[in-house]
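Peer 1: Need the 3D shape of this:
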Amino acid sequence: MNWTISYQPLLPLGLLIILAAIAITLTIMALYVRQRGALLRGLSLACLFAALLNPGINQENRQPLSDIAVLLIDQSTSQSIAKRSEQTTQAVKQLKNAVTGLNNLELRTAIVTSGLSTGTDGTHAFKALQTALQDIPPERYAGTILITDGQVHDVPPPRQSDYSGPLHVLLTGSQKERDRRVLIESAPKFAIVGESLTIKFKVEQWGGNKTGERALVNIAIDGKQFRQLQVNIGQSVKLTLDVPHGGQNIIEISANAFDGELSRQNNRAITIVQGVRDRLQVLLVSGKPHPGERTWRNLLKADPSVDLVHFTILRPPQKQDGTPINELSLIAFPTRELFSKKLHEFDLVIFDRYARHGVLPGLYLYNIAEYVKNGGAVLVAAGPDYAGPTSIYHSPLADVLPAIPTGTVTLTPFRPQLTTEGSRHPIARNLKGGNITKPDWGKWFRLIDTERPNASSAPGAAMTGTTLMTGPQEKPLLLIARAQKGRIAQLMSDHSWLWARGYDGGGPQAELLRRMAHWLMREPDLEEEKLTGKQNAKQLVISRQTMAEQTSPVTITTPSGKTRKVKLQQQKPGLWQARIEIAEAGIHKLQDGTKTTFAGVGSPDPRETGQIHSTARHLQKTVTATGGSIKRIENGIPRLAMLNPGRALAGSGWIGLKANGVYDVRSITALPLFSTLLALAALLALICAMWYREGR
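Peer 2: Numbers count the residues shown, from 1 in each chain. Got it, this is the predicted structure:
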């Protein structure tokens, strides 16, 4: 119960004020001239004014409302280190027991996990607090108790108005903790193969005597030891190294551990640098002008990583039209310069409908065959000349060409068809419209008939290749092969340009030719036999590209030496995958019996595993601004008290929450003072007394 006085004026408040001023003035004047009955007149006017105010006494039936406090529990990755989890459990139990002994206090619990659960990294305690406060009326908020190691990554600016109650922090861990970590400050994502790159890193340490201390750092590339050096603690170091190969280069920097470390997981850091080749050199030789010639040129010129040298033979030596040489505006084909001196500088040589017309002597064609065997690449886009006596197959190039011409040409409409091998190979797999049973792309009209050599063919006669696409009657259309260290591809039709023109619906001509060219130039993603491992958040994704129908289990060797086998599942033809949870950071070795590779696995939450020592530094300003305190659990769990606003909310061995005193009014009973008959009678009696006194 609670008693209060209320007023319900019978006249507007402004009018009452004017009347009161007039009454006071008249009373003062009457007293000044000593008029008889002046005091009674003033008293009567005062009582009349009080009656017009209509005062009353209200009796409220109040129901007290409990104050609400938030217990914020940090269960992020860093909280699992050492005895922090046990300290957290002990503190939660004791605080909940303390709340049961306090009147009118409700404790709500909120859990903070590592940031990856919300799509970010790190501990986002204040985001969890804001979510919890959405359901708490501000007038009932008593404060927050945060149990954490202090590694919070979303601390807001310290503004008092943000929180109407105190924030108390109970720190897990110990002031005596020691830890060391490797921090990569800068590293490129891409670098040119064979050129140098610079990585900047440093070794940080907490606890122990750091003055003059040095750490032994090991540098490994793709799991192989590269360099070892001594570095000063806390000092940035620049590491320079050459990019060894194209594709993924995994560089691991690890520092030696020292006694009493919290964790060795952050003693290593990994950066992945994609090696790219600088300006691929391509030589395109077109035997004659034709509609598909422009297609090849546009495709290669559109690739910014390709430097193209293109020659079209417009006037072969046997062409005699009587035009004097000095009147021709054609450029002489620099055969000796290209095919003798600088052939090794090209990454790919393309023969587009080229025929032997005496432009390239047999010696130069022999040089090209040797160029392939030593690691070069040749693509042959064949035309009708490939089936005739001037075919380049009837030259030293026969040693590296997988398709033997039969001497005939098929002239009939057909849709290129993927073979079983083609559906598995990265060149033809997933081509738009490439349904293996009924392709959804346009027709071609010419195919150069060829046959593939048997396995019993004489060595050197031709190279056995793989057919990725076929034409009518399952005749080879697209073949690829390896010749010792080099690669060969043959397209047995000159009608691919019909797809580029959109004839009969068109087709993925640009993508097909691009993949062919880049497979020949050894783009890692287009390798048909490839084992890779890549990190995806908390998982390691293992992928195996293969032309085989089945794959072997992959053996994974972790940085600590533990091994496990994983069975892969087919995702699509030629591609098998498996996903495993990451147990530790570092370089993982992957083996399946035929392929061996390495996967660089960093921490799935680098902010959580980077700085893991217990600290009050990040939270100190915000806690001070709210009137809270920071106390270590190792020094004892503080007592809990409820205090009125305005008082200190922390002290030695105790923490306080705000007692708001909020209540809910259930009912109100009103008792008027001047609206009763008794009050009216008293007022009349007073007026009569005034009249009697003035009338004497």
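Peer 1: can you map out the helices along the chain?
Peer 2: Listed in chain order, the helices of the chain (DSSP state H) span 13-32, 38-53, 84-100, 125-133, 293-301, 335-336, 362-373, 420-424, 497-500, 509-520, 606-610, 620-626, 677-695.
Peer 1: for the last one, what is the average pLDDT?
Peer 2: Helix 677-695 comes out with an average pLDDT of 70.
Peer 1: Export the helices of the chain as a markdown table, with columns for mean neighbour count and distance to residue 648.
Peer 2: Where you see a C-beta, it was placed from the backbone N, CA and C, and this is true even at glycine. Formatted as a markdown table, the helices of the chain follow (neighbours: other CB atoms under 10 Å; distance: least, CB to CB, whole Å):
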| stretch | mean neighbour count | distance to residue 648 |
| --- | --- | --- |
| helix 13-32 | 13 | 43 |
| helix 38-53 | 17 | 43 |
| helix 84-100 | 16 | 19 |
| helix 125-133 | 18 | 23 |
| helix 293-301 | 18 | 76 |
| helix 335-336 | 14 | 94 |
| helix 362-373 | 18 | 85 |
| helix 420-424 | 19 | 74 |
| helix 497-500 | 21 | 80 |
| helix 509-520 | 21 | 71 |
| helix 606-610 | 19 | 35 |
| helix 620-626 | 17 | 13 |
| helix 677-695 | 13 | 49 |
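Peer 1: so can I have a markdown table of those helices showing distance to residue 231?
Peer 2: Shown next, in a markdown table, are the helices of the chain (distance: least, CB to CB, whole Å):
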| stretch | distance to residue 231 |
| --- | --- |
| helix 13-32 | 81 |
| helix 38-53 | 85 |
| helix 84-100 | 30 |
| helix 125-133 | 34 |
| helix 293-301 | 46 |
| helix 335-336 | 54 |
| helix 362-373 | 46 |
| helix 420-424 | 48 |
| helix 497-500 | 56 |
| helix 509-520 | 40 |
| helix 606-610 | 18 |
| helix 620-626 | 31 |
| helix 677-695 | 93 |
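Peer 1: Show me the one of these that comes nearest residue 152.
Peer 2: The minimum distance between residue 152 and the helices of the chain falls on helix 125-133, with 4.7 Å, by CB to CB.
Peer 1: which helices and strands sit right next to that closest one?
Peer 2: Where contact means 3 or more CB pairs under 8 Å, 6 or more residues apart in numbering; DSSP states H and E, helix 125-133 is packed against strand 67-74, strand 105-112, strand 141-148.
Peer 1: Mind doing that once more with 10 Å?
Peer 2: Counting contacts by 3 or more CB pairs under 10 Å, 6 or more residues apart in numbering; DSSP states H and E, helix 125-133 is packed against strand 67-74, strand 105-112, strand 141-148, strand 167-171.
Peer 1: can you give me the angle that helix makes with strand 141-148?
Peer 2: In terms of direction (axes from the mean of the first three to the mean of the last three CA atoms, to 10 degrees), helix 125-133 departs from strand 141-148 by 150 degrees.
Peer 1: For the helices and strands packed on helix 125-133, give me CSV that also has mean neighbour count.
Peer 2: Listed next are the helices and strands packed on helix 125-133 as CSV, based on neighbours: other CB atoms under 10 Å:
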stretch, mean neighbour count
strand 67-74, 23
strand 105-112, 16
strand 141-148, 25
strand 167-171, 25
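Peer 1: could those strands be laid out in JSON lines, adding mean pLDDT and distance to residue 372?
Peer 2: Converted to JSON lines, these look like this (pLDDT from 0 to 100; distance: least, CB to CB, whole Å):
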{"stretch": "strand 67-74", "mean pLDDT": "95", "distance to residue 372": "62"}
{"stretch": "strand 105-112", "mean pLDDT": "93", "distance to residue 372": "61"}
{"stretch": "strand 141-148", "mean pLDDT": "95", "distance to residue 372": "64"}
{"stretch": "strand 167-171", "mean pLDDT": "96", "distance to residue 372": "68"}
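Peer 1: With distance to residue 181 as added columns, please give those strands in CSV.
Peer 2: Shown next, in CSV, are the helices and strands packed on helix 125-133 (distance: least, CB to CB, whole Å):
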stretch, distance to residue 181
strand 67-74, 20
strand 105-112, 22
strand 141-148, 19
strand 167-171, 20
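Peer 1: Of all the ones you listed, which one comes closest to residue 356?
Peer 2: strand 105-112 (75.3 Å).
Peer 1: what's the angle from the closest one to helix 125-133?
Peer 2: Using the same axes, to 10 degrees: strand 105-112 against helix 125-133 is 140 degrees.
Peer 1: what packs against strand 105-112?
Peer 2: Other helices and strands packing on strand 105-112, by 3+ CB pairs under 10 Å, 6+ apart, are strand 67-74, helix 84-100, helix 125-133, strand 141-148, strand 639-643.
Peer 1: tell me the angle that strand makes with strand 639-643.
Peer 2: Strand 105-112 runs at 120 degrees relative to strand 639-643, counting by the same axes, to 10 degrees.
Peer 1: and the angle from strand 105-112 to helix 84-100?
Peer 2: Using the same axes, to 10 degrees: strand 105-112 against helix 84-100 is 160 degrees.
Peer 1: Quickly list the domain ranges of this protein.
Peer 2: Annotated domains of the chain cover 2-63+665-695, 66-175+614-661, 179-277, 280-319+329-520, 526-601 [automatic domain parsing].
Peer 1: first vs last residue of the longest one, how far apart are they?
Peer 2: One end of domain 280-319+329-520 sits 11 Å from the other (CA to CA, to the nearest Å).
Peer 1: and what of the last one?
Peer 2: From its first residue to its last, domain 526-601 covers 23 Å (CA to CA).
Peer 1: how distant is it from the center of its chain?
Peer 2: 21 Å (CA atoms, centre = their mean, to the nearest Å).
Peer 1: I'd say residue 503 and residue 444 touch.
Peer 2: Yes. Counting by CB atoms under 10 Å, residue 444 is a contact partner of residue 503 at 9.2 Å.
Peer 1: Please enumerate the shared neighbours of the two.
Peer 2: Common neighbours of residue 503 and residue 444 (criterion: CB atoms under 10 Å, 6 or more residues apart in numbering): 495, 497.
Peer 1: Quick check on these two: which one has the bigger neighbour count.
Peer 2: residue 444 (24 against 15; other CB atoms under 10 Å).
Peer 1: Need the pLDDT of the more buried one.
Peer 2: pLDDT for residue 444: 96.
Peer 1: Any idea what it is bridged to?
Peer 2: residue 414 (DSSP bridges).
Peer 1: Repeat that for residue 450.
Peer 2: Residue 450 forms beta bridges with residue 405, as assigned by DSSP bridges.
Peer 1: ditto for residue 253
Peer 2: Here residue 253 shows beta-bridge partners residue 219, residue 269, assigned using DSSP bridges.
Peer 1: Touching, it and residue 216? I think so.
Peer 2: No. The pair residue 253 / residue 216 is not scored as a contact, 11.7 Å apart, by CB under 10 Å.
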